[in-house]
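A.B. asks: Task: produce atomic coordinates for the following.
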Amino acid sequence: MKKVKRLTAVILSALMAVSAFSALPVSAAVIESNNSVLSSDYLTSGDYEYTFLDDGTVEISKYIGSDKEITIPDTIDGKKVTSIGNYVFEHCIGLESITIPENITNIENMAFDYCKNLESINVDVNNNIYSSIDGVLFNKEQDKIIFFPYNRFDSYEIPDSVTSIGDGAFFDCDNLTNIIIPDSVTSIGNWAFKDCSSLTNITIPNSVTSIGNYAFSACANFTSITIPDSVTSIGESAFSACFILTSITIPDSVTSISDETFSKCYKLTDIIIPNSVTSIGNMAFYACVNLTNITIPNSVTSIGFSAFRDCIRLANITISNSVTSIRGETFFSCSSLTSIIIPDSVTSIGNAAFYDCDNLTSITIPKSVTSIGIWAFESCNNLTSITIPNSVTSIGAGVFSSCTRLANITIPNSVTSIYLETFCSCSSLTSIIIPDSVTSIGNKAFYGCTNLTSITIPKSVTSIGDYTFTDCNNLTIYGYKNSYAEEYAKTNNIKFAVINSLTDTNTNITVSGVMQNDAVLNVAKLENTFENSVATYDITLQKDGAVIQPDGTITVKIPSSAENCKVMWLKDDGTAEDMNAKYTDGCYVFTTDHLSVYALVQDKTILTGDANQDGIIDVNDVTYLQMHIAGNKNTDGSALIDETNKQLFDCVDMNKDGKLSVSDVTALQIYISNNNQKIK
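C.D. replies: I've put the predicted structure just below:
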C-alpha cells in the first residue's frame, strides 16, 4: 500500500500557531475527538503516533508509551489498524511482550529495533498474514521466520517448516549463543544475524543457496565458518567485521565475492578463492590485517576498488591472467608486499593502486598497460627502479611521489605529459631523460629531488610548471639551443648545457647529448661475429681525427627492422653487456656515457633451413632460397634473406661454404627429405 507522508510536527506548537489567528477560531470538537489530536502535520492517539494509508486504514508510526506489555489496538480514531511501521518500538527498553491483533497485514522489518528486553511476540490466531511460535514471529505458513525477540532464548532451533530466514530476523540478538538451522532453509536474508556478538559458530546446511547482505556482519565471536556447496550467492558485507574469524571455506558454487564481504576480518590469515569466482568486489578484503597470502584464480576478470586495502601483512599475491585492470586503491597500504607481477591482461592501473606499499622493491608493468592513475605508487619507499612500457600513454599526478629510493626510471616515448608532483620528493633520483613525446612538465614534478643532478629536456617541451625543480640545488638541465628549456633554465637560475645531435648518413644511427663542439660521428658496420647477431656497429665520436667520448650520458638510436633483439656492448676483453635497449618507432634506443662496438643480437632461435622464418622447414623454404639467389627482392627493395644476420645466414648456408648458392638449395632439399623419412 502506498503510504501518505508521516506527520511529524509537534502538536502543541501547531495548536499555538492556530490559536494565534483570531479570524480562524478552532472549536473543541475539532481539536479533540476520541482522545486523538489533529493538526495539519501530526496525528496522535494515546500512546501512539500514526498516519493514514491510501486505503483509509491506519499505520502506527511511533509508540510513545512505557508499558511492559502491549496489545496493538484494533482501531485508532475509528479507523482499522493494519500496519506497524519501521522503528515504531525503537529503544523501548522496558517492553517485554507484545500482542498483534488479527487486522495487522504489514509489519516493517525494523519495527522492534533495539527492544532489548522483548521476550515474546504473540499473534492472534485469526491473523491471515502472521503467526507466532513460542513468542517468535513467523509468517502465516510458518515457512519464514520474521523476528526473534532479543531476550527470548540464548539457544534456538529453527523449526523444520522454515525455508527462509527473513531480513533482520536475528539482528542484534547479542544474547544468542547457539542456533541450529534445519536442512529445510534455502535462503538467509539481509542482516539476518548481524551483530549477534555472542554467537561463536554456526552450521549453514547444504540446502542454503543464498546468503544476504550483512547476513553475519559483526558476529564478533565467529572463529570459523564453512559455506556449503549449495550456496551460489554471498551478499555484500556478509561476513564483514567478524573480527576473530580465522578461516573460511568458499565453495566452487560461488561465482562472485561481493563488496566488503570479508572486510575487517582482522584474524583471517589465508583464504582460497575457487576457480568458479569471476569477480572480487569493492573492499572485499579491506583491512584484513593478518591476511598473508592469496591466489586469485584465472577465472577472476574483475578486482574491485580497495579490494585488499590495508592488508598490512599481505606478502604474496598472484593475479590471474584474466584480470583487465588494477582498480583504485586495490593494494593501498599493503606494507608487507615486496614484489608483484602484473599479468599481460591488465590495461590500466588505478588511482593509488599501490599507495604506501613501502616494502615494494620491484614491479613489472606489462606492455598491455596504457594508463597509470594518480598516486599509483606514491610512498613506495623501497621501490628502486621501474620501467614504464611504450604502451603507457598516461601517467597520473603524483604517481611516484615520495618514492625516496627510486634511482632509475625510463619514461617511454608514448607519454605526452609529466603531471603535477609525478616525481616529487624522489630524493634518490640522480638523472632522468624526458622523451621527445612530452610537451609539458607539471607543477612540482621534481620538487624535493635533492640528488637530481641531470635532466634532459627535449625541444618538444613548451611548458614547465611552478616549483618544478625546487630544492634540486645541484641540477643541470640538458637541452637544445634556443629551446624553451634553455629559456626556463636562465629565468630560474638553473645551470644549462646544450645538447648536440649527430646522425650517420649511411646507417641513420643517431647520438644525442652533451659533447664537444665540432665532434664528428663515425659509424662502421662490422662483421657479425657475436652469436645470433644480426648487425654490429663500431660507433665513435671523433675530433681532429682522435676518438673522444661524450661529456655525459647520451642517447643512441639504432634503426633496425629486426625485432626481438638485444643491444650488446662488445667489450675489449671479449665480454658483452646488455644495454637494456628499448625498441621504439623502428629503432633500438639506449643511453650510455661511452661509445664503442655494439651488436644487435636476435633474442630468438632460427631453425636450420628456415629460409622464410615461418618456423616450419618445408618446400616453401627451398623456393624462398631459390628466389633469393635469383635476386628477387622484398617490396621495400631489401633482400629476401638478410645475409648480414649472422644467425639466419648460418641456418641457410647448408654446406657451410660461407656463401648462398644453388649448392645450398640442393643441400636443403636433401635435409628436408631426410627429416621426412625419419618422421615416417
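A.B. asks: dump the residue contacts of Val58.
C.D. replies: Shown in contact with Val58 (C-beta atoms under 8 Å, 6 or more residues apart in numbering): 50-52, 75-77, 79-83. Every C-beta, even on glycine, is put in place using the N, C-alpha and C of the backbone.
A.B. asks: how about a cut-off of 7 Å?
C.D. replies: Applying C-beta atoms under 7 Å, 6 or more residues apart in numbering to Val58 gives the contacts 50, 52, 76, 79-82.
A.B. asks: and of these, the nearest to Asp113?
C.D. replies: Tyr50 (18.1 Å; C-beta to C-beta).
A.B. asks: Name the strands paired with the strand or helix carrying that closest one and say parallel or antiparallel.
C.D. replies: Here Tyr50 sits within strand 48-52, counting by DSSP states H and E. Strand 48-52 pairs in its sheet with strand 43-45 (antiparallel), strand 58-63 (antiparallel), by DSSP bridges.
A.B. asks: need those in a markdown table with mean pLDDT and distance to Ser197, can you?
C.D. replies: Below are the strands paired with strand 48-52 laid out as a markdown table (pLDDT from 0 to 100; distance: least, C-beta to C-beta, whole Å):
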| stretch | mean pLDDT | distance to Ser197 |
| --- | --- | --- |
| strand 43-45 | 93 | 36 |
| strand 58-63 | 96 | 26 |
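A.B. asks: could these go into TSV alongside distance to Cys311?
C.D. replies: Output for the strands paired with strand 48-52, formatted as TSV (distance: least, C-beta to C-beta, whole Å):
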stretch	distance to Cys311
strand 43-45	52
strand 58-63	44
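A.B. asks: of all these, which lies closest to Pro251?
C.D. replies: Comparison of the strands paired with strand 48-52 against Pro251 by C-beta to C-beta identifies strand 58-63 as nearest, at 42.4 Å.
A.B. asks: what's the average pLDDT for the next helix or strand after that closest one?
C.D. replies: Later in the chain than strand 58-63, the nearest helix or strand by DSSP H and E is strand 69-71. Averaging pLDDT along strand 69-71 gives 97.
A.B. asks: Other residues contacting the next helix or strand after strand 69-71?
C.D. replies: Heading C-terminal from strand 69-71, the first helix or strand you meet, by DSSP H and E, is strand 75-76. Residues outside strand 75-76 that contact it (C-beta under 7 Å, 6+ apart): 45, 48, 50, 58, 81.
A.B. asks: same thing but 8 Å
C.D. replies: Outside strand 75-76, the residues that touch it by C-beta under 8 Å, 6+ apart are 36, 45, 48, 50, 58, 60, 81.
A.B. asks: Then stretch 396-406?
C.D. replies: For stretch 396-406, contacts defined as C-beta under 8 Å, 6+ apart pick out 351, 371-386, 409, 419-429, 442.
A.B. asks: Show me where this protein dips below the pLDDT cut-off.
C.D. replies: Across the chain, the ranges flagged by pLDDT under 70 are 1-42, 604, 676-680.
A.B. asks: Next, the distance between the ends of stretch 409-427.
C.D. replies: One end of stretch 409-427 to the other measures 13 Å (C-alpha to C-alpha, to the nearest Å).
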